[in-house]
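Novice: Sequence unavailable; structure follows:
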């Protein structure tokens, strides 16, 4: 399978590393718009010019959401082009043979991802191209699920809740700990339990706390402790949402 | 160490189980206001009447926040009485010898807790009583940290973010998956990564997503997908808070 990877951001770098390690992948070329060399340490040809792009079975776009259509339009019309973005419609790709190869994971610099644990959501416009994406997932040792654009967009939204928003709650919790000179790691076992519970309990069984109990005394005490306006809004919004979610339930 | 445990809710039941399993603890009596027997399956005397409470080195209250002072006032004046609540001041206990024995963990029915992984926050009004609580923590195989009331209250607030609010985000994410007939377990690897990142990266390094990138196109697309008013408020509030948190930073 001849692949050209386009993009050298967080995801692009991780895909580069995974492709290099897979002997079954014929890694033709890597497009990095700010590349300064013509060949990588691992011997893969690099280009910073879309005019120099060669031939491949798959052109995989790991560029920013907004760049997807700009870059794709410069690739061969008859090529099979797939993007990797959760929130971008498949139709941002102008080619007839279009696909999506969406890794449901969050990528940071300095944190290597083991792709074998990542579920991929895949979508194609032409049925015959599906097999190639499934094969690529399997070369990475990963699992995949066929997703419609609608399913993928909803999953991408859910991923924002699970990853970005949860990370921000943890950031706010860490700031609270710092303000009292407490190590954030005191909260680590609670965080692990919060996550592990998901495997055994329904969210309803796992939900506890002053909001659910309508314990207004504790809620007021917490609001008095909060000095930061954003955290106050977060506290009130989530407390109200929990109460609304379970309002018709007798506790 | 002679202990009387008061309360048979989620935490009370888990402490009961842990105390029964610890041969060094002389488990004198268990107070369960709705008890129907006089002795437990494990041979511990049970009472539903505070008038029948016996003598012990420590009276440990695992009752609801509001019941702490009501129950404590009926215990011997000279007794050492400790509560287990994160958000309740130590002074809710009227005895001179007061303490707090706060397990920083979330307790659900049907989910057994291994206390050896739980950090305890302890506080005493009289220095001499401190050793007994430290000893009890160590009998449970756990670790402890001395916390002032102020530190404990802030930690309790942080725990609400980490546990209750995160759980609600996961509940909302699970509902989104259900609406598209997708299994929530697709998001499990992302959730694990979100949590594991905390050990290696700063929250700033771990923060990603459309809010941080100020990717208004994706934010608008997500808001269009959301049909539930509470989730809409959560999305807007957390997006605004993330942007505010990093506003002075060049990305």
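Specialist: Cool, the structure landed. None of these values were measured; they are calculated from a predicted model.

Novice: tell me which strands and helices the helix or strand bottoming out on mean pLDDT in chain A is in contact with?
Specialist: Lowest by mean pLDDT, DSSP states H and E among the helices and strands of chain A is helix A:203-206, with a mean of 82. When contacts are defined as 3 or more C-beta pairs under 8 Å, 6 or more residues apart in numbering or on different chains; DSSP states H and E, helix A:203-206 sits against helix A:188-200, helix B:166-179. Every C-beta, even on glycine, is put in place using the N, C-alpha and C of the backbone.

Novice: how does it look with 7 Å?
Specialist: helix B:166-179 (3 or more C-beta pairs under 7 Å, 6 or more residues apart in numbering or on different chains; DSSP states H and E).

Novice: next one: the helix it packs on to chain centre, how far?
Specialist: 21 Å (C-alpha atoms, centre = their mean, to the nearest Å).

Novice: Buried residues, that helix. List them.
Specialist: B:166-174, B:176-177 (16 or more other C-beta atoms under 10 Å in any protein chain shown).

Novice: Show me the two of those residues that sit farthest apart.
Specialist: Across the buried residues of helix B:166-179, no pair lies farther apart than B:166 and B:177, at 16.5 Å, counting by C-beta to C-beta.

Novice: Centre of chain A to the edge, which residue is at the far end?
Specialist: Within chain A, residue A:217 marks the point farthest from the mean C-alpha position, 38.6 Å out by C-alpha atoms, centre = their mean.

Novice: Quick check: what element follows the helix or strand hosting it along the chain?
Specialist: Assigned by DSSP states H and E, residue A:217 falls within helix A:216-225. Sequence-wise, the next helix or strand downstream of helix A:216-225 (DSSP H and E) is helix A:229-245.

Novice: relative to helix B:229-245, how tilted is that next one?
Specialist: For helix A:229-245 against helix B:229-245, the angle by axes from the mean of the first three to the mean of the last three C-alpha atoms, to 10 degrees is 170 degrees.

Novice: Show the pLDDT at the closest residue in space to residue A:207 that isn't next to it in sequence.
Specialist: Leaving out its chain neighbours, the residue that sits closest to residue A:207 by C-beta to C-beta, 6 or more residues apart in numbering or on different chains is residue B:167, at 5.5 Å. What the model reports as pLDDT for residue B:167 is 97.

Novice: Was I right to think residue B:167 contacts residue A:194?
Specialist: Yes - using C-beta atoms under 7 Å, residue B:167 is in contact with residue A:194, at 5.9 Å.

Novice: what about the nearest residue to residue A:88 once chain neighbours are set aside, neighbour count?
Specialist: Spatially, and ignoring its direct neighbours in sequence, residue A:88 is nearest to residue A:65 (5.1 Å; C-beta to C-beta, 6+ apart). Neighbour count for residue A:65, taken as other C-beta atoms under 10 Å in any protein chain shown: 18.

Novice: Residue A:65 is in what secondary structure piece?
Specialist: With DSSP H and E as criterion, residue A:65 is part of no helix or strand.

Novice: hang on, isn't residue A:3 packed against residue A:56?
Specialist: Yes - using C-beta under 7 Å, residue A:3 is in contact with residue A:56, at 5.7 Å.

Novice: Give the intersection of the neighbour lists for these two.
Specialist: residue A:28 (C-beta atoms under 7 Å, 6 or more residues apart in numbering or on different chains).

Novice: For residue A:141, which residues are in contact?
Specialist: Residues in contact with residue A:141 (C-beta under 7 Å, 6+ apart) are A:115-116.

Novice: now residue A:155
Specialist: Taking C-beta under 7 Å, 6+ apart as the contact definition, residue A:155 lies against A:86, A:104, A:121, A:147, B:182, B:186.

Novice: Equivalent analysis for residue A:60, please.
Specialist: Counting by C-beta under 7 Å, 6+ apart, residue A:60 has contacts A:3, A:5-6, A:82, A:84, A:101.

Novice: how far away is it from chain B?
Specialist: Distance of residue A:60 to chain B, computed by C-beta to the nearest C-beta, to the nearest Å: 20 Å.

Novice: again with residue A:81
Specialist: Residue A:81 is 20 Å from chain B, where distance means C-beta to the nearest C-beta.

Novice: Skip the chain neighbours and tell me the closest residue to residue A:33.
Specialist: Residue A:33's closest residue in space is residue A:48 (C-beta to C-beta, 6+ apart), at 5.5 Å.

Novice: Just to check, the one you found is in contact with residue A:32?
Specialist: Yes - the pair residue A:48 / residue A:32 is scored as a contact, 6.2 Å apart, by C-beta under 7 Å.

Novice: in the stretch 51-200 of chain A, which spans are strands?
Specialist: A:58-61, A:80-83, A:97-103, A:119-124, A:143-146 (DSSP state E, counting those that start in this stretch).

Novice: a markdown table please, covering the ones you listed and showing mean pLDDT.
Specialist: Formatted as a markdown table, the strands of the stretch 51-200 of chain A follow (pLDDT from 0 to 100):
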| stretch | mean pLDDT |
| --- | --- |
| strand A:58-61 | 98 |
| strand A:80-83 | 98 |
| strand A:97-103 | 98 |
| strand A:119-124 | 97 |
| strand A:143-146 | 95 |
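
Novice: Which of these sits closest to residue B:156?
Specialist: Short answer: strand A:119-124, nearest of these by C-beta to C-beta, at 35.5 Å.

Novice: buried sites along that closest one?
Specialist: A:119-124.
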